[in-house]
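J.: could you look at this predicted model? Sequence included:
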Amino acid sequence: MTWRIQGASGAWEAVMGLEVHAQILTVSKLFSSAACAFGAEANAQVNLLDAALPGTLPVCNDHAVTQAVRTALALSATVHETSVFERKNYFYADLPLGYQISQYQQPLATEGELEVEGEDGTRRIGIERLHMEQDAGKSVHDMHDSASFVDLNRAGVPLMEIVSCPDLRGPKEAASYLRRLRALLRTLGTCDGNMNEGSLRCDINLSVRRVGDTELGTRTETKNVNSVRFVVQAIEREAARQVAVLEEGGVIVQETRLFDPNKGESRSMRSKEEAHDYRYFPDPDLLPLVLRAEWIEQQRASLPELPQARARRFEETFGLAPSAAWLLSEEPDNAEYFEALICGGRDPVRCANWLVTNLFSALNESGIEIADSPVSPDELGVLLDLVEQDKLSGRQAKEVFEEMWQGGKSATEIVKARGLEQISDADTLRAAVELALNDNPEQVEDFLSGRNEKVAGWFVGQVMKATGGKANPQLANRLVQEALAKRKS
């Protein structure tokens, strides 16, 4: 059902668009040769241009351009053969030049789309534009009681700003959009998507209107939200705030706001600037960016299989549920692990279930990525083969997996050392079943007389006990039923 905000005077809906700033994976900055690695000592990655020393000139990073073009093509956007870098003029302490080099009237790409899991099913969200720009520095306010400091390591870092159309209608859609965009960027290798490090940041443009209205309301922009969870919270709080203001007879002010996740509230930062406030004009130190049509097509042809296409393939080829197919497709390493695991004809559905329910849980608890898993696809495959061969029960397999995870031993070694191999020999278990029935004539009579037919399960327990828990439970249950049925006849 479409997301609604229930006010005192009726239902409202939110209209949203996201502006995502994605740091381009490059060794150096957009217009300077300074490094842009995360975590360096303050002001250790700053050259003369980044510090705005007079006479220094920008030189465009061609690899950053390639990365941005590949991203635009993966979003089905139109990449323009000519785009222009402009100066966006504003004054902050962490912006030494007094302007940001960005793109405005002639961006790199326009009119793309991204498929999301929406409030009412799958929807396509329009991408208005993708343009390139340089990041600003960072003001630091918590190092001194009465002074602020500036770290220029981030100044000049290359960014893609990916601006969606106002097509999103709820927090679920916004979360899906952000997750799927992040998955696409990571698959392309154009951005690492580490929101906790600030390499992927999101601004939320949001307005509300009564259900049934078609005219857009006044929007606010909530800046620099750095997790999917906080995006959801920020949307819920800001939509509720706007509805409350309007129902009390107030007006929404077009402004920039900040979401405080600790207090769960949004706060006003400043009035929202319009484009003319920034006095855009083409940067006189940079020529227009001109791309050859043949080169653009070469980039299109080199794109890898994208997450949503991979998820569809996993559904159609291997019969996976949509949720499992997406979990195994959103990260390239997940897909690589899964496809290595099913190599050799293993059941894809069983493998997927094991990854989603067991391996991913262990990864989350340990706080590590699948590429660093102590259990390789080959090692996990051996364990699943033992289950498939009825040498281990599902419960035993989970115990063995936990020991593999902790100790680095193989499944075969653990099974041998602990004597865990499941008994699936019918003649051996049939003898254990007959012994259990012969030793418990009263329970047999209860079953035969119809007083307690559930006693069959009790006999299975006796067989499990007699075999030290090693009996194949499905086979033991079948043999007990057969033996009781034989006595009843």
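T.: Thanks, I have the structure now.

J.: name the helix or strand for the residue positioned nearest the centre of the chain, please.
T.: Nearest to the mean C-alpha position of the chain, counting by Cα atoms, centre = their mean, stands residue 179 at 4.2 Å. According to DSSP states H and E, residue 179 maps onto helix 171-188.

J.: for that helix, which helices and strands make contact with it?
T.: Applying 3 or more Cβ pairs under 8 Å, 6 or more residues apart in numbering; DSSP states H and E, one finds that helix 171-188 contacts strand 10-23, helix 62-74, strand 109-118, strand 121-134, strand 200-210, helix 228-247, helix 307-318. C-beta: built from backbone N, CA, C; applies to glycine.

J.: if we use 6 Å, what do you get?
T.: In terms of contacts (3 or more Cβ pairs under 6 Å, 6 or more residues apart in numbering; DSSP states H and E), helix 171-188 is packed against helix 62-74, strand 109-118, helix 228-247, helix 307-318.

J.: tell me the mean pLDDT over the third one?
T.: Taken as a whole, helix 228-247 has an average pLDDT of 94.

J.: ok, stretch 152-169 next?
T.: 95.

J.: residues in contact with it: which ones?
T.: Applying Cβ atoms under 6 Å, 6 or more residues apart in numbering, the contact partners of stretch 152-169 are 15-24, 26, 29-30, 32, 36, 40, 43, 45-46, 50, 64, 68, 71, 119, 125-131, 133-135, 137-138, 174.

J.: let me see the contact set for the closest residue in space to residue 334 that isn't next to it in sequence.
T.: For residue 334, ignoring the flanking residues on the chain, the nearest one in space by Cβ to Cβ, 6 or more residues apart in numbering is residue 328 at 5.0 Å. With contacts defined as Cβ under 6 Å, 6+ apart, residue 328 is in contact with 334-335, 338.

J.: can you lay out those residues as TSV showing secondary structure?
T.: TSV is the format used below for those (DSSP: H, G, I helix; E, B strand; the rest coil):
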residue	secondary structure
334	helix
335	helix
338	helix
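
J.: and which of those residues is nearest residue 259?
T.: Set against residue 259, the nearest of the contacts of residue 328 by Cβ to Cβ is residue 334 (29.9 Å).

J.: nearest spatial neighbour of residue 123, skipping sequence neighbours?
T.: Leaving aside its sequence neighbours, residue 123 sits nearest to residue 116 (Cβ to Cβ, 6+ apart; 5.9 Å).

J.: kindly apply the preceding question to residue 404 instead.
T.: Nearest to residue 404 is residue 375, by Cβ to Cβ, 6+ apart, at 5.2 Å.

J.: for the one you found, grab the count of nearby residues.
T.: Using other Cβ atoms under 10 Å, the number of residues around residue 375 comes to 19.

J.: distance of it from residue 366?
T.: Distance, residue 375 to residue 366, by Cβ to Cβ, to the nearest Å: 11 Å.

J.: likewise for residue 223?
T.: 34 Å.

J.: tell me if I'm right that residue 333 and residue 371 touch.
T.: Yes - with contacts counted by Cβ atoms under 6 Å, residue 333 reaches residue 371, the gap being 4.7 Å.

J.: before we move on, back to that, could the helices and strands packed on helix 171-188 go into JSON lines alongside mean neighbour count and distance to residue 195?
T.: Formatted as JSON lines, these follow (neighbours: other Cβ atoms under 10 Å; distance: least, Cβ to Cβ, whole Å):
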{"stretch": "helix 62-74", "mean neighbour count": "21", "distance to residue 195": "17"}
{"stretch": "strand 109-118", "mean neighbour count": "20", "distance to residue 195": "17"}
{"stretch": "helix 228-247", "mean neighbour count": "19", "distance to residue 195": "8"}
{"stretch": "helix 307-318", "mean neighbour count": "18", "distance to residue 195": "17"}
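
J.: got the phi and psi for residue 30?
T.: The phi and psi values for residue 30, taken as degrees, to the nearest 10, are phi -70, psi -40.

J.: once you drop chain neighbours, what's closest to it?
T.: The shortest distance from residue 30 to any residue other than its chain neighbours is 3.7 Å, reached at residue 158 (Cβ to Cβ, 6+ apart).

J.: tell me the phi and psi of that neighbour?
T.: phi -70, psi 130.

J.: can you name the residues bridging to it?
T.: Assessed by DSSP bridges, residue 158 has beta-bridge partners residue 134.

J.: residue 465 should be in a helix, yeah?
T.: Yes - remark: residue 465 belongs to a helix, assigned using three-state DSSP.

J.: ok, the residue nearest to residue 404 touching residue 403?
T.: No - with contacts counted by Cβ under 6 Å, residue 375 stays clear of residue 403, the gap being 10.4 Å.

J.: show the contacting residues for residue 332.
T.: Counting by Cβ under 6 Å, 6+ apart, residue 332 has contacts residue 187.

J.: actually residue 204, not the one I wrote
T.: Shown in contact with residue 204 (Cβ under 6 Å, 6+ apart): 222, 234.

J.: name the residues of stretch 83-91 that are buried.
T.: Buried residues in stretch 83-91, counted by 16 or more other Cβ atoms under 10 Å: 83-88.

J.: got it, and stretch 271-284?
T.: Applying a neighbour-count criterion of 16+ other Cβ under 10 Å, the buried positions in stretch 271-284 are 272, 278, 280, 282-283.

J.: kindly format the C-alpha coordinates of it as CSV.
T.: Taking Å, rounded to 0.1, in the frame of the first residue of the first chain, the C-alpha atoms of stretch 271-284 are listed here in CSV:
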residue,chain,number,x,y,z
SER,A,271,17.3,29.3,4.0
LYS,A,272,17.5,27.3,0.7
GLU,A,273,19.5,29.0,-2.0
GLU,A,274,18.4,29.1,-5.6
ALA,A,275,20.7,28.5,-8.6
HIS,A,276,21.1,32.2,-9.2
ASP,A,277,22.4,32.7,-5.7
TYR,A,278,25.5,30.7,-6.7
ARG,A,279,26.2,32.9,-9.8
TYR,A,280,27.2,30.0,-12.0
PHE,A,281,29.5,30.7,-15.0
PRO,A,282,31.8,28.5,-17.1
ASP,A,283,35.2,28.1,-15.5
PRO,A,284,37.6,30.1,-17.6
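
J.: any idea how far that stretch is from the chain center?
T.: The chain centre lies 34 Å from the centre of stretch 271-284; the measure is Cα atoms, centre = their mean, to the nearest Å.

J.: contacts for that stretch?
T.: For stretch 271-284, using Cβ under 6 Å, 6+ apart, the contacting residues are 84-89, 101, 104, 221, 254-256.

J.: pick out the most distant pair among these.
T.: Greatest spacing in the contacts of stretch 271-284, by Cβ to Cβ: 84 and 255 (29.2 Å).

J.: and the angle from the helix holding residue 179 to helix 307-318?
T.: Between helix 171-188 and helix 307-318, the angle comes out at 90 degrees (axes from the mean of the first three to the mean of the last three Cα atoms, to 10 degrees).
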